[in-house]
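[1] Give the three-dimensional model of this entry:
(2 chains)
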Amino acid sequence: MPYHVPLIIRGRIIDDADLEFGGRRGGAQFTTPDVKQHLAALTLQHPSDLSDIHALRSEEIFDYLDALGQALSFERNPFLQEAYELSIHTSGLTPGIVRHLYSTLGSLFSRDFVRELAENAIGVRYLDGWVPRRMASGCVCNVRAFGARAVHVLAGNVPMPSALGVIRNAIIRSDAIFKTPSNDPITAAAIARTMVAMAPDHPVTRHLSVAYWKGGDAGVEAELYRPDRIEKIIAWGGYASITHIAKYIQPGIDLITMDPKLSSSIIGRQAFVDESSMRAVAERAALDVAYFNQQACANARVVYIETGTDEAGLAKANRFGQVLLEAIRALPAHCSGAVALDPDLAEEVQSLRMVSSEHRIFGGGQDGAVIVSQHSEPVDFAPLLNNRVANLVPVPDLEIPIEAVTAYTQTIGIYPDSLKEQIRDRLVFNGAQRIVSLGYACKAAMAGPHDGMEPLRRMCKWISDETNDPERVALLSRS
Amino acid sequence: MNTAASGAVDRDALKAAPHRLIELSVTEKFSFERDDLEDIQLAGLKKRFAELSGRVAVLRRFAEDQNLSGIRTLEDGALLLFPHTFYKSYPSSAIETCRFDAMTRWLGTLTAVDLSRVDATGCATIDDWIDRLDAQSDLRVRHSSGTSGKLSFVPLSTIESHSAIMGMKRAMQGFGDEPGTHDSGFGTLPLIAFGYRHGTQSFPRSIDAIIREFYAGDESRVVCLNPGRVSADLASLAGRLEGAQARGARSRTQISAALLARREQLLREQAEAPRHLQNFYDTIATRYRGERVLLQGVTPPVVETAVEGLKRGFERLFAPDSPFFIAGGAKGRAFPADYREQVERFTNVPFPPTGYGMSEAASAITRMCPRGHYHIVPNLIPYLLDPDTGAVLPRRGTQTGRLGIFDVGCQTRWGGFLTGDEITLNWGDAAPCGCGRKGTFIDGEIRRYSELRGGDDKITCAGAPGIQDRALQFIAGIAD
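    Now for the predicted structure:
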């Protein structure tokens, strides 16, 4: 029985049920209006239609977001409840995790948090007015951050990007069209419907649209991705979604990609001195592996452990494998839960168990697994690791994990912090984008860089207005 | 294979030696009543389990894992289907650091062939290692050409190689009164092979076995598209580069010194390829024009060679009653819409019914029947599984699912394997194929799950175009 996802265009809810799409992961099918029938309304008629939101002061926007956060209370919000019911069937996350995510979604919108984000990432004064800078030459350069017309191509593995997109779009006073993914078309729609119910005529509500179309549908994208209509495309997603978009990039359209990456952990020898130290570190490592059921880019898949690879070292590594598995299974329901493995991964793990003499495997089935390599190499299928299957790789020193970092590495969780300071620069040279204390990979600071760049700054248009007085700064013809 | 005077096959002989199902004529193969055939197949499955569970370590472990101490029913076979990943479950580093003794030990767990006397000392490349295995054991390993990631190695032996070409020979026959040739031409006609002469992929292995068994080793009446060797090292490097690319680490792929030392040779072979191609056309046109020949190949090289040959002015080359054996479909390549006509015009031989087979089996090869179906040969026990849960689908009517196979023809390794294909299987009970053949058949398209689910790892026996060239470029570009 397919469920229905509305099309939301700038405060208007459109409920036709023209088209049917299948959910990913063999999950739910849904009906939604045909976006092609509404393309003219979907894009802003004229760029100066941003003037209403541009006229707001940041504090007014923070007020709106704070109120929205309160309205996104899971207990009282029927849209979030509907989204929850559907997510537990289509995502790889267990009900406990999903419930926690939806229950805490509202807190992201709190006034203090969004103000901190705006101030750290941009500086509120740049949003609210022109900031003058007197240059050495005598020129006064006034700088302001303006909003842009944007399309956000969202990811569906966790609900955060939808919420973050709404917050970022509001802070920088942009106009956003959210293209939702087929494995979660409902979270962004739930937030938008809450906005419409709360304040249908508010400029922030009026500058958000939420739509589903199949990625690559040229009937929509060729019309939409034109520099006279769109200035920025913010794309979360793998290679396949980027290739659909890449062909539309041209002068006038700025593509900002947040692509999926692989993350890992590095644990120094201090962790393995005794059993109690191992247990404490294992809890932290378990969080980086298994929070969000390992579905997020920030989750660790390979965990390098500086135990050494001689007999004593392997014994420590295998013991840590057992302790880590116990720690994963002991995580509370709002962090992590038992779930079936993807068939490809299940086959790979089974092959190792049946055929390999160079790996020991603890656990298996639905309740998580830890594969301990008996030599200093990760398993060949490391990119497939998911749903609480980690690969421990014992190493004699840290050269191996440092050299294993590539351009496709995102987050590295490190223990202890002293080690983190020691090796962080080299990790960045090799491609790492984010370094954290072990255990905090999934507790994003969210107030700064993301994926190696500053997305909020990039989503703005940065404009300079230069004032030169011929008395102070000679005309070029007079110098 | 003797049949009784009345034409009935000797069932007891088949139960005692189930691989002999492969040697039956096509008419005999597809005339079994279901109960009779399943009786023979079950005896075969039991026999193989009894013979191999003590000698193939992975089978023993797998059976223990499944709590299976013996085979009682055909359905028990579904619990012991090896996924293809088993055949590539060696650590990549063993190849990268030339630890071929470790590779031999790994392979030993998957075969009943005794590898204890194989000494891989001094082997510097995969090609060396496989040659060493050939020289020091009865194993005739086949490697597959994965388009991303690792090479797989399937441990067939001389015994299965023999069964494979017997099956090929029989597959040329028609059923009953159908046109087909009972004289397959193996050994009697010149052999024109559209592939490499040497190498350890399925195709050159077959050619090797055919020349040895049917042509008494006489190469003079065999013409191959490329007289050289398809290198497992190049295929492995190509796969590793694609895998490294996917991890953002392509530039850091390490090449062993030995492979680097072969660089000149590999680049020279690549440079020679155009000359070999022209030589092929010249040879077949001058030596065999108008003659009856045996044509053999997988579809992509046959089509590419025909299209190019026509451009160079070679056409209507052979006698139209030449036996012609083509296996495999398009395998993701884009062929011209009229590819069949072009092949016919090039060869002067009607485009034959395509064959379907699986490289993991001893012999799976079967040609499309006049109704457009692939009938499953009797040495294969088919299983259909739910692709998500692995549950076995009922053995009746028409079902769609993931195909698993147990080949009673495999004698030195476990013949149970899971394919990556989604098929619709008709059990031949309620709605038999109109061609007259009895038994199960594939109804409709064969689709790979990796394509269905948006993945991009394809195992092909013809190899993907271009990736080996890119591997060569990579080697060529390494600074000395």
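
[2] who in chain A is up against chain B?
    Within reach of chain B by CB under 8 Å from any CB of the partner chain, chain A has these residues: A:26, A:240, A:262, A:343-344, A:347-348, A:350-358, A:375, A:377, A:380, A:383, A:403, A:406-409, A:431. All C-beta atoms are positioned from the backbone trio N, CA, C, and that covers glycine.

[3] 6 Å instead, please
    Within chain A, the positions near chain B by CB under 6 Å from any CB of the partner chain are A:347, A:348, A:351, A:354, A:355, A:356, A:358, A:377, A:380, A:406, A:407, A:408.

[4] Could you check how many residues crowd around the fifth one?
    Close neighbours of residue A:355, defined as other CB atoms under 10 Å in any protein chain shown, add up to 23.

[5] swap in the last one?
    Here the neighbour count serves as a burial measure; for residue A:408 (other CB under 10 Å) it reads 18.

[6] Now do the nearest residue to residue A:451 once chain neighbours are set aside against chain B, distance only.
    The shortest distance from residue A:451 to any non-neighbouring residue, by CB to CB, 6 or more residues apart in numbering or on different chains, is to residue A:258 (5.0 Å). Using CB to the nearest CB, to the nearest Å, we find residue A:258 at a distance of 15 Å from chain B.

[7] Pick out the most distant pair among the residues of chain A next to chain B.
    A:354 and A:407 (34.2 Å; CB to CB).

[8] So between those two, which is more surrounded?
    Neighbour totals were compared for residue A:354 and residue A:407, and residue A:354 leads with 22 against 15 (other CB under 10 Å).

[9] how close does whichever residue of the stretch 51-200 of chain A sits closest to chain B sit to residue A:243?
    Residue of the stretch 51-200 of chain A nearest chain B, by CB to the nearest CB: residue A:182 (11.4 Å). The spacing between residue A:182 and residue A:243, counted by CB to CB, to the nearest Å, is 17 Å.

[10] Check the gap between the spatially closest residue to residue B:321 that is not a sequence neighbour and residue B:319 for me.
    Leaving out its chain neighbours, the residue that sits closest to residue B:321 by CB to CB, 6+ apart is residue B:292, at 6.1 Å. Note on residue B:292: its distance to residue B:319, by CB to CB, is 4 Å.

[11] Could you double-check that residue B:203 sits in contact with residue B:195?
    Yes - between residue B:203 and residue B:195 there is a contact at 4.2 Å, judged by CB atoms under 6 Å.

[12] ok, those two, which is more surrounded?
    Ranked by neighbour count (other CB under 10 Å), residue B:203 and residue B:195 place residue B:203 first, with 27 against 24.

[13] mind checking pLDDT for that one?
    Note for residue B:203: predicted pLDDT of 91.

[14] tell me the phi and psi of it?
    Backbone torsions of residue B:203, given as degrees, to the nearest 10, read phi -60, psi -60.

[15] what's the answer for residue A:34, then?
    phi -80, psi 110.

[16] so how many other residues sit close to it?
    15.

[17] Show me what the helix of greatest length in chain B is packed up against.
    Using DSSP state H, we find that the single longest helix of chain B is helix B:263-287. Applying 3 or more CB pairs under 6 Å, 6 or more residues apart in numbering or on different chains; DSSP states H and E, one finds that helix B:263-287 contacts strand B:222-230, helix B:467-476.

[18] Please name the nearest non-neighbouring residue to residue 124.
    Went with chain A since none was named. Distances taken as CB to CB, 6+ apart put residue A:58 closest to residue A:124, at 4.9 Å, once the chain neighbours are dropped.

[19] Chain B was what I was after
    Nearest one to residue B:124, counting by CB to CB, 6+ apart, is residue B:258 at 3.2 Å.

[20] So the one you found belongs to a strand, correct?
    No - using DSSP: H, G, I helix; E, B strand; the rest coil, the assignment for residue B:258 is helix, not a strand.

[21] Check what pLDDT it gets.
    Note on residue B:258: pLDDT of 75.

[22] What of the one 4 residues further on?
    Per-residue pLDDT puts residue B:262 at 78.

[23] Wasn't residue B:431 part of a strand?
    No - assignment of residue B:431 by three-state DSSP gives coil, placing it outside any strand.

[24] Please report how far it lies from chain A.
    From residue B:431 to chain A the distance is 28 Å (CB to the nearest CB).

[25] I'd like the distance between that residue and residue B:232.
    In terms of CB to CB, residue B:431 sits 44 Å off from residue B:232.

[26] more crowded one of these two?
    residue B:232 (25 against 11).

[27] Now do the contacts for the residue nearest to that one when sequence neighbours are not counted.
    Ranked by CB to CB, 6+ apart and with sequence neighbours excluded, the top spatial neighbour of residue B:232 is residue B:126, at 4.2 Å. Residue B:126 is in contact with B:232, B:233, B:236, counting by CB atoms under 6 Å, 6 or more residues apart in numbering or on different chains.

[28] ok, so of these, who is nearest chain A?
    Using CB to the nearest CB, the contacts of residue B:126 come closest to chain A at residue B:236, 12.3 Å.

[29] so what's the closest one up against?
    Residue B:236 sits next to B:126, B:151 when contact means CB under 6 Å, 6+ apart.

[30] What helix or strand is it located in?
    According to DSSP states H and E, residue B:236 maps onto helix B:232-246.

[31] which residue ranges form the strands in the stretch 101-250 of chain B?
    B:142-143, B:145-146, B:153-154, B:191-199, B:222-230 (DSSP state E, counting those that start in this stretch).

[32] how many other residues sit next to the closest residue to chain A within the stretch 251-400 of chain B?
    Nearest residue of the stretch 251-400 of chain B to chain A (CB to the nearest CB) works out as residue B:388 at 6.3 Å. Residues lying near residue B:388 (other CB under 10 Å) number 13.

[33] what's near enough to touch it?
    Contacts of residue B:388 by CB under 6 Å, 6+ apart: none found.

[34] Next: residue B:396.
    B:427, B:429.

[35] Pretty sure it sits in a helix.
    No - applying three-state DSSP, one finds residue B:396 to be coil, outside a helix.

[36] from memory residue A:134 sits against residue A:140, does it?
    Yes - under the criterion of CB under 6 Å, residue A:134 makes contact with residue A:140 at 5.5 Å.

[37] who's more crowded, those two?
    When neighbours are counted by other CB under 10 Å, residue A:134 and residue A:140 differ, and residue A:140 comes out ahead with 17 against 10.

[38] and residue A:383, how many neighbours does it have?
    Around residue A:383 there are 16 residues (other CB under 10 Å).

[39] So it lies in a helix, does it not?
    Yes - judged by three-state DSSP, residue A:383 forms part of a helix.
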